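K.L.:
Coordinates only, no sequence provided:
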């Protein structure tokens, strides 16, 4: 009896043309991706200050005098970026010079300017953390900048003529 009912039920399904769901063969998912490139260039890569005396103020420029457009950062990536700046202590000679917010005994200061006020050096360059040089720099956008170096108020005569080196690093990150 069960066989008869099952056969009749199958015949009714076939007569009514009911379809039985069938899974498609080899379904696919198309994935699209674009690489984010974060990249900057800077026009000036060296700064030879030369000999300094206590309290000297020297600007990052062709002449050593205040100049608001000496160097230029360009966003060569494909997204807007934030650019940060960090410095190091001067090393060399008998005594290193420490980078701090205000000059002192064996202590020098370094400030960068903002493009909005190019003659105001308002971005403190620190050795412990990165500071904002500019934010939301568009793709192919440029940012003009410079720095102001202030020599220590006192340095040891043992350092006379000794060469000292420090580094300033610019880094870019995706603007969010």
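P.N.:
Everything's here; your move. Because the structure is predicted, anything quoted here is derived from the model rather than measured.

K.L.:
Give me the phi and psi angles of the closest residue to residue 64 other than its chain neighbours.
P.N.:
Distances taken as C-beta to C-beta, 6 or more residues apart in numbering place residue 58 nearest to residue 64, at 5.1 Å, with adjacent residues excluded. Bear in mind the C-beta positions are built from the backbone N, C-alpha and C, glycine included. Phi and psi for residue 58, reported as degrees, to the nearest 10, are phi -130, psi 140.

K.L.:
Isn't residue 58 up against residue 147?
P.N.:
No: between residue 58 and residue 147 there is no contact under C-beta atoms under 8 Å: 9.0 Å.

K.L.:
returning to what we had before: and the residue nearest to residue 64, what are its bridge partners?
P.N.:
residue 149 (DSSP bridges).

K.L.:
Tell me which residue lies nearest the centroid of the chain.
P.N.:
In the chain, the C-alpha nearest the mean C-alpha coordinate belongs to residue 172, at 1.4 Å (C-alpha atoms, centre = their mean).

K.L.:
Strands of this protein, start to end?
P.N.:
Using DSSP state E, the strands of the chain run over 40-42, 57-59, 71-75, 81-87, 98-99, 107-112, 123-124, 131-137, 142-145, 147-150, 168-174.

K.L.:
Who does the third one pair with, and is each partner parallel or antiparallel?
P.N.:
This means strand 71-75. strand 40-42 (antiparallel), strand 142-145 (antiparallel).

K.L.:
Ok, which of those comes nearest residue 97?
P.N.:
The closest of those to residue 97 is strand 142-145. By C-beta to C-beta, the value is 22.4 Å.
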